[in-house]
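**Q** Coordinates for the following, if possible.
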Amino acid sequence: MTDAPLTFGGHALATLRLGLPIALSRAGLIGLFAVDTVAVGQRGGLELAALGVGTAPMSTLMLVCLGALQATMVLSARAIGEGDPRSVGPIFRAAVVNAVALGLLAGLLSLFAEPFFLMTGQAPDVAALAGKVALQFAWGLPAFLLFLAVNMTLETIGRPRVGVAIMAAANVANILFDGVFVLGWGGLVEAGGAEVAVATTSIVRLGMAVAAVVVLDRTAVRDGDPYGFRAAGRDWLQAAATLGGGWGGDLRRLGLPMGLGQGVESAAFSAMVLIAGVMGSEVVAAHQATMTVMSLIYMNAVGLGAAASIRVGAAMGRGATAEARRAGFAAIAAGGLLSGSCGLLVLALHGPLADAMIGDPVAAAIARQTLLMAGVLVAFDTMMGTAMGALRGLSDVWMPLWMQSAAFWFVSVPLALFLGLHLGFGAAGLYWGLGAGILTSFALLAPRFARVTKRAKKRGNP
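**A** Numbering: from 1, shown residues only. Predicted structure coming up:
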């Protein structure tokens, strides 16, 4: 952001220029899931159900960590806005150390996956295979979070296209791996299933981390290292020993509620997978396919929300509250228009999408219904997520967390249980519940952003 004030439309265009590459990069992450879903879906309902159940809690943990790491962008953007770019280097080192630590901690929880699935009422055959899927997901998690920490730093300093390029290469590699090892292309190996698909995706994530680190180092060398990335070994050892020191403490204080806020919604979506599992493998297979489509579109919210955090944070760093307010609301509007367009495509193509993603005709028929409902919800889901990003740029994180928790755990999940299981609405009941949670959350978050920026302006910021 420059010092010159922008119109509402100008802010929307600037947000799209920054946010779309970020959204494409994040969409590539979901693209890995989507390719795995399509490939495993051809192996039968049991394999797809195990993929959905096995990745559900691990994806929630991953998104909690991703949300926490977004504090990297907020802190770095604020430092740049305040004219202190050399602080970005220590923030980056704190982010890397905390990313790897979070990945190892979350990965340890996968050791208890199968008993957890059995406890939640999953069929024994699904639970056994899903436990193996969770383990394969877990070992690649530290490398994946390392990639995110590096990529978020690159995005904040104006290099968002790096992540897009890495993700494009990663998705091509994942398609080839799934084709050979899951679908048996060329007859080189015996075709595998969900466990093999997730294992090869973890290998791809490891390659992503290595590529991002190399690019960041070469960028620092080429530009004269204005942000202080190329630190001495003792600086890295100190960062590791102190979990990032003072910046690490700031990262955790800001990132913890951000991560939990991201996790509240994701955990609710994962709960829907477990509820679907009680309804049968066909329902959970249909739900997995539908959630893959919704998650892919939700990357618009992740990208534009990240752009909103950067732009709002930079404006607040300069004390320009009015600019921060316009930047935030412009991002929310842009997100609604962008994902609304995607939703129209889902409505038009729900039948072919269901048939392409699922080989089981019963599960595909259910997915046609749930994809119709998803097409209506995605615009509101994106506006909600972008509003969260705008609030993060204000460093307003705890109240949005409570709002998200109330919307999804006091409205969404109970309603889905009641409609889906007790009233017999089945898979449709899950999406009525999700829709109620999304709308409630957005109705709380958008006015919250307006109130916080209004209060900041009254305190004397222009």
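**Q** show me where pLDDT drops low in this structure?
**A** 1-4, 457-462 (pLDDT under 70).
**Q** please redo it, this time with the cut-off set to 50
**A** 1-3 (pLDDT under 50).
**Q** buried residues in the helix or strand where residue 429 lies?
**A** Remark: residue 429 resides in helix 427-458, with elements defined by DSSP states H and E. Of the residues in helix 427-458, 427, 429-442, 444-446, 448-449, 452-453, 456 count as buried by neighbour count, 16 or more other C-beta atoms under 10 Å. C-beta: built from backbone N, CA, C; applies to glycine.
**Q** Report how many residues lie close to residue 146.
**A** 24 (other C-beta atoms under 10 Å).
**Q** Please apply the same query to residue 184.
**A** Quick note: residue 184 (other C-beta under 10 Å) scores 13 neighbours.
**Q** Kindly report the same for residue 222.
**A** What residue 222 shows, counting by other C-beta under 10 Å, is a neighbour count of 8.
**Q** That one and residue 230, how far apart?
**A** For residue 222, the distance to residue 230 equals 11 Å [C-beta to C-beta, to the nearest Å].
**Q** The spatially most central residue of the chain in helix, strand or coil?
**A** The centroid of the chain falls nearest to residue 63 when counting by C-alpha atoms, centre = their mean (5.3 Å). Secondary structure, DSSP: H, G, I helix; E, B strand; the rest coil: residue 63 is helix.
**Q** How far does stretch 123-141 sit from its chain's centre?
**A** 20 Å (C-alpha atoms, centre = their mean, to the nearest Å).
**Q** and what of stretch 262-270?
**A** 10 Å.
**Q** Repeat that for stretch 262-279.
**A** With C-alpha atoms, centre = their mean, you get 15 Å for stretch 262-279.
**Q** ok, back up a step: which residues are in contact with each of residue 222 and residue 230?
**A** Counting by C-beta atoms under 8 Å, 6 or more residues apart in numbering, residue 222 and residue 230 have no shared contacts at all.
**Q** Next, residue 397: phi, psi?
**A** phi -120, psi -30 (degrees, to the nearest 10).
**Q** Spell out which residues sit in contact with it, please.
**A** 254, 257-258, 261, 391.
**Q** repeat for residue 191
**A** Contacts of residue 191 by C-beta under 8 Å, 6+ apart are 43, 181-184.
**Q** I figured residue 292 hits residue 37, correct?
**A** Yes - using C-beta atoms under 8 Å, residue 292 is in contact with residue 37, at 4.8 Å.
**Q** Looking at these two, which is more packed in?
**A** Remark: of residue 292 and residue 37, residue 37 carries more neighbours, 25 against 22, as counted by other C-beta under 10 Å.
**Q** Show me the helices in the stretch 251-400 of the chain, by range?
**A** 281-317, 321-357, 361-393, 398-406 (DSSP state H, counting those that start in this stretch).
**Q** The stretch 101-250 of the chain too?
**A** Going by DSSP H, counting those that start in this stretch, the stretch 101-250 of the chain shows helices at 113-119, 124-139, 141-156, 160-181, 194-223, 233-242, 245-279.
**Q** Nearest to residue 8, out of those?
**A** Among those, helix 160-181 comes nearest to residue 8, with 22.5 Å by C-beta to C-beta.
**Q** Kindly format the C-alpha coordinates of that closest one as CSV.
**A** Output in CSV follows, covering the C-alpha atoms of helix 160-181 (Å, rounded to 0.1, in the frame of the first residue of the first chain):
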residue,chain,number,x,y,z
PRO,A,160,3.2,-13.9,-4.3
ARG,A,161,3.8,-15.6,-7.7
VAL,A,162,6.5,-17.8,-6.3
GLY,A,163,4.0,-19.8,-4.3
VAL,A,164,1.8,-20.1,-7.4
ALA,A,165,4.7,-21.5,-9.5
ILE,A,166,5.7,-24.0,-6.8
MET,A,167,2.1,-25.1,-6.3
ALA,A,168,1.6,-25.6,-10.0
ALA,A,169,4.6,-27.8,-10.2
ALA,A,170,3.5,-29.7,-7.1
ASN,A,171,0.1,-30.4,-8.5
VAL,A,172,1.5,-31.7,-11.8
ALA,A,173,3.8,-34.0,-9.7
ASN,A,174,0.8,-35.2,-7.6
ILE,A,175,-1.2,-36.0,-10.7
LEU,A,176,1.6,-38.1,-12.0
PHE,A,177,2.1,-39.9,-8.6
ASP,A,178,-1.6,-40.6,-8.2
GLY,A,179,-1.8,-41.8,-11.8
VAL,A,180,1.0,-44.3,-11.4
PHE,A,181,0.6,-45.4,-7.8
